[in-house]
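Novice: the sequence and its predicted three-dimensional model are supplied below.
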Amino acid sequence: MDRKLLTIDPEKCTGCRNCELVCSVRHYGVSNPALSRIQVVKWEHIGIYIPMSCQQCEDAPCLEVCPKDAIYRDDALGSVAINPDLCIGCKMCVAACPFGAMRWNSGRSRVFKCDLCDGDPQCVRFCYTRAVDYQAAGKVSSDRLRQAAENLARATRHHQR
């Protein structure tokens, strides 16, 4: 089975933050963006929005630094998961995450992150512009390769003028 990834297309994101609301409702039953496992970051200087979430890293820094082995690899889903019963709230994983995707829930004194909604990410389901998607890693790779080739071709044509 090809591992699936949550992918982001910032050109399609309108900044509606629907993904944040759906995520917090799915996981906590409340509409609270602070409890969302996906965060929309606005880049003011260039005027774009980018939804950010756990990248489910192969060599996950959060997993490596956890002193209680509360963070582990879920092989069935191909994701990095958290066992909240083992988490001691040290926040070392929060500091180690290069994407800022590991979040802290002060009400529960535990970390949380995207769990891909057990293979049915609700942020994808409710993203009306399709800025957030859940795709096979092979498809992501071929799409990115095609986009890179198109960008190179466009730059080459522009340079030749």
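Specialist: Arrived safely, thanks for sending.
Novice: where along this protein do the strands fall?
Specialist: Applying DSSP state E to the chain gives strands spanning 4-8, 39-43, 48-52, 71-74, 79-82, 103-105, 110-112, 132-136.
Novice: the fourth one: how far from the chain's middle?
Specialist: I take that to be strand 71-74. From the chain centre to the centre of strand 71-74 is a distance of 16 Å (C-alpha atoms, centre = their mean, to the nearest Å).
Novice: okay, it in PDB with CA atoms only?
Specialist: C-alpha atoms of strand 71-74 as PDB (Å, rounded to 0.1, in the frame of the first residue of the first chain):
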ATOM      1  CA  ILE A  71       5.300   9.100  20.100                       C
ATOM      2  CA  TYR A  72       5.500   6.200  17.800                       C
ATOM      3  CA  ARG A  73       5.100   5.100  14.100                       C
ATOM      4  CA  ASP A  74       1.600   3.900  13.200                       C
END
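Novice: related to what we said a few turns ago, most packed of the strands of the chain?
Specialist: strand 79-82 (a mean of 22; mean count of other C-beta atoms under 10 Å). In this view, the C-beta of every residue, glycine as well, is placed from N, C-alpha and C.
Novice: quick one: the strands of the chain as TSV, columns for distance to G119 and mean pLDDT too.
Specialist: Formatted as TSV, the strands of the chain follow (distance: least, C-beta to C-beta, whole Å; pLDDT from 0 to 100):
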stretch	distance to G119	mean pLDDT
strand 4-8	8	90
strand 39-43	21	94
strand 48-52	19	93
strand 71-74	10	96
strand 79-82	9	96
strand 103-105	21	94
strand 110-112	18	95
strand 132-136	8	92
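Novice: reformat those strands as TSV; add distance to M92.
Specialist: Listed next are those as TSV, based on distance: least, C-beta to C-beta, whole Å:
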stretch	distance to M92
strand 4-8	24
strand 39-43	20
strand 48-52	20
strand 71-74	10
strand 79-82	13
strand 103-105	11
strand 110-112	9
strand 132-136	28
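Novice: closest to A96 out of the ones you listed?
Specialist: Closest to A96 of those is strand 71-74 (C-beta to C-beta; 9.8 Å).
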